[in-house]
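*Asks:* Quick one: sequence and predicted model below, then my questions.
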Amino acid sequence: MANEKLYLYPLWIRIWHWLNAVLFIVLLLTGISMQYSNPENPLLISFELSVQLHNICGIALSINYLLFIFGNLFTSNGKQYKMKTKGLFKRLYDQSVFYLFGMFKKQAPPFPISLENKFNPLQRFIYSTAMYIGFPIIIASGIAMLFPEIIIPQLFGVSGLLVTALLHVVIGFILSLFLFIHIYVCTIGSSIISNFKSMLTGWH
Amino acid sequence: MKLSKLILGCICLLLSFSLYAQKETNKNHSCLKCHAHRTYKYMNEDFGMEIKESMCSNRMIDTLAYQQSNHGMFKCTDCHSPEYETFPHAGNLRMELMYACNDCHAGDPEYAKFHFEAIEEAFYESMHYNRSPDAFTCWSCHNPHTYKTQARIGEKISETVSYDNNICLSCHADVSKYELLTERENINILKSHKWLPNQELHFKNVRCIECHTQLSDSLLVSHVVMSKDSAIRECTSCHSANSHLMASLYRYKSLESRKGSGFLNAVIINESYVIGANRNKYLNILSVVIFGLVLIGIFTHTIFRIFKSK
């Protein structure tokens, strides 16, 4: 089975994925540059440029997200993000045990990749949470800050803008953790770069 | 008998009190019966006719704003000539120079905390004074009939912003007052601030003087208004940990909150959000810890992978 090539990533997914990756990295770098703004720090992008880039890439990422939503609605790719709650915890546990111990003992993956299951249960759970909970929140709070007049001025006695900004930053932080873990886990393949190649060619 | 004397005494005391109070509220009645209204009437003795005239708008007094202002306790003739008590007013009275702040406030220990002398020095450095030294006075910005200290009275920051900005806008958005002080005609602050992102948000949340005055260590509100070429245009002047706003708009509130709870950002965190300037330090620490743990996890996993692959 290891030698059998699977066409897992059609062109639209690869375009969406790499656009999303580039835009997300720019958003992350410019977001950090604004949050920790300091004109004396040479590692940060200038505040003015960060604001402009963050706005442009934020809008572009939102449009790209629509491609993901429509693609998943009208192709079979949407199924990859659906999970049965029954036995979910057991599946997540088994996959985690494999990553923590099994793979070092050269055990076979508990959930081998197939056309129907291109994600293992842990990937399925994390990708679904990131794409269907994290992204809508970060996009909505980002749009709200692009048009701050639509934000409620006061929420429980605290500035509505502050609550929106905090939510945006916290979700941004969690998604950036996802990015780091995602890139690392992608090095766990038949070779370190095989999964990255798959996302370029479509073939696993 | 004794009781009736006591009651009578009380009634007399109450009456004299109410008469005093009435006298206090009526102290400016003879002026305000005309100057508080859009029209006034007078008797033309020569023709035996009552004449009704319209009051010039800049001679009208908003009585409520006056009562609530810092100078609301004064009689009109405390500052204006007592000769105004006769009508018609003599024409030469208009030529009189008005008092400036320091004619009353200079050297007064009661007002030392307001630093009137330092304000005057700063004013002489301002481009307002230097462009038009004869016409520009304290009153050009601080209407003596309505002015009240704002930042110190614990108002919300947004109210201080709108009060202070209205002072600037009274000239910079109104040609009729603006042209009294300059020959320039075109004023369009929306156009000149077009470069500012989220213009409306900035206008509502920061004061003009944040960018258009030179910071002062001794004054709560700097009075060195700079020319437009020297105005702050760097976003990071405010949007950075060392924010300019902490030394200007938030200065009084942050000083007060530090006195109270010892938490520098408390007031600003509750009332506004300036990206880059105010961060929640607990969330900052938490994010560094979580990020560190993730990196340690990845590093350990990598070590195991290298070790086990041999």
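*Replies:* Okay, I see it.

*Asks:* Spatially nearest residue to the closest residue to chain B within chain A, not counting backbone neighbours?
*Replies:* Ranking the residues of chain A by distance to chain B (CB to the nearest CB) places A:Ser37 first, at 3.1 Å. From N, CA and C alone the C-beta is placed, and that goes for glycine too. Distances taken as CB to CB, 6 or more residues apart in numbering or on different chains place B:Gly276 nearest to A:Ser37, at 3.1 Å, with adjacent residues excluded.

*Asks:* burial measure for the one you found, as a count.
*Replies:* 23 (other CB atoms under 10 Å in any protein chain shown).

*Asks:* Residue numbers of chain B in contact with chain A?
*Replies:* B:197-198, B:200-201, B:234-236, B:239-242, B:269-273, B:275-277, B:279-280, B:283, B:287, B:290-291, B:294-295, B:298, B:301-302, B:304-305, B:308 (CB under 8 Å from any CB of the partner chain).

*Asks:* longest helix in chain A, by residue count?
*Replies:* helix A:47-74 (DSSP state H).

*Asks:* Now the residue of chain A closest to chain B: phi and psi?
*Replies:* Main-chain torsions, A:Ser37, degrees, to the nearest 10: phi -50, psi 120.

*Asks:* Mind pulling up the pLDDT for it?
*Replies:* pLDDT, A:Ser37: 88.

*Asks:* What of B:Thr25?
*Replies:* Value for B:Thr25, per-residue pLDDT: 55.

*Asks:* Just want the most central residue of chain A.
*Replies:* A:Ala130 (5.5 Å; CA atoms, centre = their mean).

*Asks:* picking that back up, quick one: secondary structure of the residue nearest to A:Ser37?
*Replies:* coil (DSSP: H, G, I helix; E, B strand; the rest coil).

*Asks:* any idea how far the residue of chain B found nearest chain A lies from B:Leu215?
*Replies:* Per CB to the nearest CB, the residue of chain B with the smallest distance to chain A is B:Gly276, at 3.1 Å. Distance, B:Gly276 to B:Leu215, using CB to CB, to the nearest Å: 18 Å.

*Asks:* in chain B, which helix has the most residues?
*Replies:* Max-length helix for chain B by DSSP H is helix B:281-309.

*Asks:* can you list contacts of stretch A:35-49?
*Replies:* A:29-30, A:32-34, A:50, A:53, A:169, B:234-236, B:239-242, B:275-277, B:279 (CB atoms under 8 Å, 6 or more residues apart in numbering or on different chains).

*Asks:* Pull out the buried positions in it.
*Replies:* A:Gln35, A:Ser37, A:Asn38, A:Pro39, A:Leu44, A:Ile45, A:Ser46, A:Phe47 (16 or more other CB atoms under 10 Å in any protein chain shown).

*Asks:* which one of those is nearest B:Glu159?
*Replies:* A:Ser37 (27.4 Å; CB to CB).

*Asks:* What distance do you get for that closest one to B:Ala277?
*Replies:* On the measure of CB to CB, A:Ser37 and B:Ala277 end up 8 Å apart.

*Asks:* list residues touching both of those two?
*Replies:* B:His239, B:Ser240, B:Ala241.

*Asks:* tell me the contacts of B:His105?
*Replies:* With CB under 8 Å, 6+ apart, B:His105 has these contacts: B:Tyr111, B:Phe114, B:Phe116.

*Asks:* about what we covered before: give me the buried positions along the longest helix of chain A.
*Replies:* Buried, per 16+ other CB under 10 Å, within helix A:47-74: A:47, A:50-51, A:53-55, A:57-58, A:60-62, A:64-65, A:68, A:71-72.

*Asks:* And whichever helix or strand comes after it, what's buried?
*Replies:* Proceeding N to C from helix A:47-74, the next assigned helix or strand is helix A:88-100, under DSSP states H and E. Of all the residues in helix A:88-100, those buried under the rule 16+ other CB under 10 Å are A:Arg91, A:Leu92, A:Asp94, A:Gln95, A:Phe98.

*Asks:* quick revisit: next, the contact list for the residue of chain B closest to chain A, please.
*Replies:* A:Met34, A:Gln35, A:Tyr36, A:Ser37, A:Phe47, B:Thr236, B:Cys238, B:His239, B:Ser240, B:Ala241, B:Ser243.

*Asks:* what are the ranges of the helices in the stretch 101-250 of chain B?
*Replies:* Here the stretch 101-250 of chain B has its helices, by DSSP state H, counting those that start in this stretch, at B:101-105, B:116-125, B:127-131, B:138-141, B:157-172, B:175-178, B:189-192, B:199-205, B:208-212.

*Asks:* Using CSV, lay out these together with mean pLDDT.
*Replies:* CSV is the format used below for the helices of the stretch 101-250 of chain B (pLDDT from 0 to 100):
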stretch, mean pLDDT
helix B:101-105, 87
helix B:116-125, 92
helix B:127-131, 92
helix B:138-141, 89
helix B:157-172, 88
helix B:175-178, 85
helix B:189-192, 90
helix B:199-205, 88
helix B:208-212, 92
